[in-house]
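K.L.:
3D model of this:
(2 chains)
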Protein chains: 2
Amino acid sequence: MATKISSDASISLYQQVMVELKKEIEIGTYEPGSQIPTEAELTRIYSVGRVTVRRAVDELVCQGYLTKQQGRGTFVNAGKMTRKVHQKDDIQSFSCVCRANGMKAGGRLISRKVISADNELANLLSTAKGDELVLVERVRTADGIPVMLENDYFIRSEFSFLEREKLNGASIFELVSDRTGRTPQGSDPCTLEVVRANAEVAKHLSIPAGEPMFFMNVRFLDAKGLPLFVGHQYIVGSRYIFDI
Amino acid sequence: MATKISSDASISLYQQVMVELKKEIEIGTYEPGSQIPTEAELTRIYSVGRVTVRRAVDELVCQGYLTKQQGRGTFVNAGKMTRKVHQKDDIQSFSCVCRANGMKAGGRLISRKVISADNELANLLSTAKGDELVLVERVRTADGIPVMLENDYFIRSEFSFLEREKLNGASIFELVSDRTGRTPQGSDPCTLEVVRANAEVAKHLSIPAGEPMFFMNVRFLDAKGLPLFVGHQYIVGSRYIFDI
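P.N.:
Take a look at the predicted model:
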């Protein structure tokens, strides 16, 4: 195979291999979910040493293009998405974000439960500790790829329709808006942290445990600034870009 | 040692151990940077099985409280910080963020170089490809703890004073404002991704390679909306919360 790796170029060998590998990923030679060639194979393809190949691959793992799976090989991650994360009065539902990315939003209901509000949720939802909440847990997908696990908390007395609705792929924003006449228009607070996927989250999102993720803790507000619901979102780091 | 782990409680054993460990971290029994007791020791302290201890510790690793270091043990991460990430017209310098958190901002200059603009930087800075840029690379600290590695790119002809200034702990925002009369007032684009620390970034930030981080790619604008400089920030995931 013809390659373009040159030892007298101004950028280092491993960076050249990186650029080549990235290109192959971007043009789809290596598709999302597929395995890339082994170190030994890449060494032959690019006529460089194993240390160079390893460094290039490690860098692409760090940048979120590839994932190493112990004993199995190195795999191409699904592509990243961009979404514009509000100004305060410009929030977007996951369904909207997918549309804006030219992707199809989907979902899978994991569970829905009635729980009692702890102090924190009661405060956020302006209700009393111990009040009944509906907790909806879903995996959200973009073009069929799991992107986030969301846990949404609603006051049961106001949102009991969520106990009966089909929720798999539906937009919760639209449902809430249709049924209550109150549209999510802002968010406060809305914090973003980096965490690692625990075993359960990882299983639902088809990623290895320990993978880096965004954790978003958000309270959605209606047009009057009154609380609608609280969301805890675990978002696969390699599949998401926030544009803030 | 008296413990409060109860086998007939409504929350599971590992969650009780987790709560106890978190408490010990929060009250400072286990200080940032220090090693927590081994699995065997924790098994004795809480009179629970090894699987329970391991699950509790793994969960705290996922949540960013602890870091496992291969062959060395498990260590307490430094505390997280909160910063309010603008609305577009309300951006904050790292020095400001630290003040707001009651922490002392510091820094260490890693390098400053003159480089030539590639296509992307040239576009963002409204200059021509190949034009000279000053690249300032610094580690920023809060109360002495490394929090981010920043790479800031400036047009050399306008910001040559940055080649001479002492930059270790200084606020670049304030320097730019004082010297040019142009204050950073907005950012666009400003994207946030999750990446893993590569070996070099990890070394500068005193974290293990592979640790999850925020990567922020931001162009700062002045009051007229004209580009001031571009920043690439690698932010330690366990030490930061964005409030967006």
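K.L.:
quick one: name the residues of chain A near chain B.
P.N.:
Within chain A, the residues that sit near chain B (C-beta under 8 Å from any C-beta of the partner chain) are A:58-59, A:61-64, A:80, A:82, A:85-88, A:189-199, A:210, A:212-214, A:237-238, A:240-244. C-beta here means a position set from N, CA and C on the backbone, and glycine is covered the same way.
K.L.:
please name the residues that touch A:Ala117.
P.N.:
When contacts are counted by C-beta atoms under 8 Å, 6 or more residues apart in numbering or on different chains, A:Ala117 is found next to A:Leu125, A:Thr127, A:Ala128, A:Lys129, A:Gly130, A:Asp131, A:Glu132, A:Leu133, A:Tyr153.
K.L.:
out of those, give me the one that has the most neighbours.
P.N.:
A:Leu133 (24 neighbours; other C-beta atoms under 10 Å in any protein chain shown).
K.L.:
give the rounded mean pLDDT of whatever helix or strand it lives in.
P.N.:
Assigned by DSSP states H and E, A:Leu133 belongs to strand A:132-142. The average pLDDT for strand A:132-142 rounds to 95.
K.L.:
can you count the residues close to the spatially closest residue to A:Gln185 that is not a sequence neighbour?
P.N.:
Spatial nearest neighbour of A:Gln185, excluding adjacent residues (C-beta to C-beta, 6 or more residues apart in numbering or on different chains): A:Ala223 at 4.7 Å. When neighbours are counted by other C-beta under 10 Å, A:Ala223 registers 12.
K.L.:
hang on, A:Ala223 in a helix?
P.N.:
No: checked against DSSP: H, G, I helix; E, B strand; the rest coil, A:Ala223 lies outside a helix; its state is coil.
K.L.:
just checking, it touches A:Thr180?
P.N.:
No: checked against C-beta atoms under 8 Å, the pair A:Ala223 and A:Thr180 is beyond contact range at 11.7 Å.
K.L.:
strands of chain A, residue ranges please.
P.N.:
All strands of chain A, identified by DSSP state E, fall at A:66-69, A:73-76, A:82-84, A:105-116, A:132-142, A:145-155, A:186-196, A:212-221, A:227-236, A:241-243.
K.L.:
and the top helix by length along chain A, average pLDDT?
P.N.:
When chain A is parsed with DSSP state H, its longest helix is helix A:13-27. When pLDDT is averaged along helix A:13-27, the result is 88.
K.L.:
quick one: distance of it to the chain centre.
P.N.:
Distance of helix A:13-27 from its chain centroid, counting by C-alpha atoms, centre = their mean, to the nearest Å, is 24 Å.
K.L.:
which parts of it are buried?
P.N.:
A:Leu13, A:Tyr14, A:Gln16, A:Val17, A:Met18, A:Glu20, A:Leu21, A:Lys22, A:Ile25 (16 or more other C-beta atoms under 10 Å in any protein chain shown).
K.L.:
repeat that for stretch A:233-244.
P.N.:
So, applying 16+ other C-beta under 10 Å, buried residues of stretch A:233-244: A:Gln233, A:Tyr234, A:Ile235, A:Val236, A:Gly237, A:Ser238, A:Arg239, A:Tyr240, A:Ile241, A:Phe242, A:Ile244.
K.L.:
ok, the third one - contacts?
P.N.:
This means A:Ile235. Taking C-beta under 8 Å, 6+ apart as the test, what A:Ile235 contacts is A:Val147, A:Met148, A:Met213, A:Phe214, A:Phe215, A:Met216.
K.L.:
distance of the residue nearest to A:Arg72 when sequence neighbours are not counted relative to A:Lys68?
P.N.:
Distances taken as C-beta to C-beta, 6+ apart put A:Gln35 closest to A:Arg72, at 7.8 Å, once the chain neighbours are dropped. Per C-beta to C-beta, to the nearest Å, A:Gln35 is found 11 Å from A:Lys68.
K.L.:
A:Ala202 contacts A:Pro208, correct?
P.N.:
Yes: counting by C-beta under 8 Å, A:Ala202 touches A:Pro208, with 6.2 Å between them.
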